[in-house]
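Chemist: What follows is a predicted protein model with its sequence.
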Amino acid sequence: MKELLLASALLAATYTANAQEAHYDVEPTHAFVHFDVLHSGTSTNRGRFDTVEGSIMLNRQAQKGTAEITVRPGSVNTGVEPYNDHLKNADFLHVDAFPTAVFKGDDFSFEGDKVKSVKGSLTLLGQTRPVTLTAERFNCYESRHAKAEVCGGDFTTTLMRSDFGMNYGLPGIPDEVRIFIQIEAVKR
């Protein structure tokens, strides 16, 4: 009888712990990765990646989470087709050899129930490096359109492109690239 009560208590504790864990799928019409980089110390070149996919797990009560976000570099969009084509070739994103860039985060920092940062790794051009995304804002709300809870925010980080083997144009084209991520994800 003791074993049955212990097993029941363990199952109830497991269910309660998992009940706070929520899984979300990235909503592609509300998720973009933008970038900017100085051009020869004169102006700022900007663009975005139009295809972003992924999933996020949040446990706001336990202040834990995981994220896996995939960006398709071939979806780069600067508004200038010849520039897009140059960014896609082997000088920069080499999309034929590396069709995806993947961020995996598992070290979430919270303030209350709001995400403040996510530490993880970015794999780009076959190189994996640590990255910290800082939340500019984070919020969850009930979406009438999605008929589900939606969580998201704006996140930023700065990368050194040479860390990923992207050395074309250095030092004329600076090494530092600022990344801005807008992301919303719908609860399953």
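Modeler: Structure received.

Chemist: contacting residues for residue 100?
Modeler: Under the criterion of C-beta atoms under 8 Å, 6 or more residues apart in numbering, the contact list for residue 100 reads 70, 71, 72, 73. Where you see a C-beta, it was placed from the backbone N, CA and C, and this is true even at glycine.

Chemist: Spit out the contact partners of the last one.
Modeler: Looking back up the chat, that one is residue 73. For residue 73, the contact set (C-beta under 8 Å, 6+ apart) comprises 49, 88, 93, 95, 98, 99, 100, 101, 124.

Chemist: From the centroid of the protein, which residue is nearest?
Modeler: By C-alpha atoms, centre = their mean, the mean C-alpha position of the chain lies nearest to residue 69, the distance being 4.8 Å.

Chemist: and that one, what are its bridge partners?
Modeler: Beta bridges link residue 69 to residue 54, residue 103, judged by DSSP bridges.

Chemist: got a winner among the contacts of residue 100 for most neighbours?
Modeler: Among the contacts of residue 100, the one with the most neighbours (other C-beta atoms under 10 Å) is residue 71, at 24 neighbours.

Chemist: ok now the helix or strand hosting residue 186, how far from the chain's centre?
Modeler: Taking DSSP states H and E as the definition, one finds residue 186 inside strand 176-187. Average the C-alpha atoms of strand 176-187, do the same for its chain, and the two points are 6 Å apart (C-alpha atoms, centre = their mean, to the nearest Å).

Chemist: just use 360 as the starting number from now, easier for me
Modeler: Shifting the count to begin at 360 puts that one at strand 535-546.

Chemist: by contact count, what packs against it?
Modeler: Packing contacts for strand 535-546, counted by 3 or more C-beta pairs under 8 Å, 6 or more residues apart in numbering; DSSP states H and E, involve strand 381-385, strand 391-398, strand 411-418, strand 507-519.

Chemist: ok so, going back, would you write a PyMOL line that selects the buried entries of the contacts of residue 432?
Modeler: Selecting only the buried members of these in PyMOL, with burial defined as 16 or more other C-beta atoms under 10 Å, works like this:
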select buried, resi 408+447+452+454+457+460+483
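
Chemist: about what we covered before: please identify the buried residues of the strand holding residue 545?
Modeler: Buried residues in strand 535-546, counted by 16+ other C-beta under 10 Å: 536, 538, 539, 540, 541, 542, 543, 544, 545, 546.

Chemist: In the protein, what helix or strand scores lowest on average pLDDT?
Modeler: None of the helices or strands of the chain scores lower by mean pLDDT, DSSP states H and E than helix 361-378, at a mean of 49.

Chemist: so who does residue 517 touch?
Modeler: 535, 536, 537, 538.

Chemist: again, but for residue 426
Modeler: Contacts for residue 426 were tallied using C-beta under 8 Å, 6+ apart; they are 413, 414, 415, 416, 462, 463, 464, 465, 477, 479.
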